[in-house]
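[1] Would you be able to build a 3D model of this:
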Amino acid sequence: MKHKQIGFEFEIGSPWSMATTRNKMARELGLRGLKNQVDETVDTPQKYNGEIVTPVWPFRQGMVNLKRIFKWFEKNGIVTDATCGFHVNISFKQKELNWMMDNTRLVMCFNEEKWLKVCKRHNNEWAECYMDKLIVGGARKKFVNETKVMEWINKEVEELIDEKYHTVHLGHLEENNPYVEYRCLGGVGYHLRFNVMAKAIIDMSKNLDRALPEGKGTGFMTTKVRECFLPRKKMYMIPH
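    So this is what the prediction gives:
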């Protein structure tokens, strides 16, 4: 089993300043390494708005801490609404594995459409859907086979990597401490939906495995390619 590590970014509204919120969380939950930062895109009815960022934790410990943090939010009057994102940063503990993941698989094997729908964030400018971009760019493109499709998608994905605000941000993968940032979660009351958020995070974790050389479970990518880019004799539903 390949061990993973995880960190979180919570966009929230709080009755206290972000620095005070961070300090109360750290003290009451016994968590070290929390940071607060300004985020002008967050606009809840609470008195203060911003972002709390966690350190990197081993995956299982991170999930335990996440549940405790969500409960603390609920108890302490934290607000999450449509302006709030919940970003999940995941990586393999063995650094070299992160550098060997395939960018196209990270994008095409992840059901971004599902989680955007669950969180009602389809039209969020800070979490743009790759498939929207690819379908718009390829609206008049029909390829003779899957090899030709993948050649085109590989090129398009590499050009999109530098744009931060996609559901899967890949810009950190070539850094010395590489990780993948998933930006599709958040929305109204996301901290009240731990089970849903946990299911999404498990899907993200599996997505990293699918992106490794010889990774398994890539059938969703095949479905996307066939339904969106290959000529078809009968009507298919685009996976949105």
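[2] residue ranges with poor pLDDT in this structure?
    The chain contains residues with pLDDT under 70 at 1, 136-141, 232-240.
[3] any idea which residue sits dead centre in it?
    residue 182 (1.6 Å; C-alpha atoms, centre = their mean).
[4] Now the phi/psi pair for the closest residue to residue 46 other than its chain neighbours, please.
    Nearest residue to residue 46, sequence neighbours excluded (C-beta to C-beta, 6 or more residues apart in numbering): residue 13, at 3.1 Å. Quick note: C-beta positions are derived from backbone N, CA and C, even for glycine. According to degrees, to the nearest 10, the main-chain angles of residue 13 amount to phi -110, psi 140.
[5] Show me what residue 13 is bridged to.
    Under the criterion DSSP bridges, residue 13 forms beta bridges with residue 49, residue 79.
[6] Report the contact partners of it.
    Contacts for residue 13 (C-beta atoms under 8 Å, 6 or more residues apart in numbering) come out as 42, 44-49, 78-81, 84.
[7] and if you look at residue 77?
    14-15, 46.
[8] The host helix or strand of residue 202 - contacts with which helices or strands?
    Assigned by DSSP states H and E, residue 202 belongs to helix 194-210. Contact here means 3 or more C-beta pairs under 8 Å, 6 or more residues apart in numbering; DSSP states H and E; on that basis helix 194-210 packs against strand 4-14, helix 59-75, strand 85-92, helix 103-108, helix 112-118, strand 180-186.
[9] so which of the ones you listed comes closest to residue 226?
    helix 103-108 (11.7 Å; C-beta to C-beta).
[10] Can you show me the CA trace of the closest one as PDB?
    What follows is helix 103-108, C-alpha atoms only, in PDB (Å, rounded to 0.1, in the frame of the first residue of the first chain):
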ATOM      1  CA  ASN A 103      -1.400  14.700 -15.600                       C
ATOM      2  CA  THR A 104      -4.000  13.600 -18.100                       C
ATOM      3  CA  ARG A 105      -5.100  10.700 -16.000                       C
ATOM      4  CA  LEU A 106      -5.300  13.000 -13.000                       C
ATOM      5  CA  VAL A 107      -7.800  15.100 -15.000                       C
ATOM      6  CA  MET A 108      -9.700  12.500 -17.000                       C
END
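[11] which strands and helices sit next to it?
    With contacts defined as 3+ C-beta pairs under 8 Å, 6+ apart, the packing partners of helix 103-108 are helix 146-160, helix 194-210, helix 219-229.
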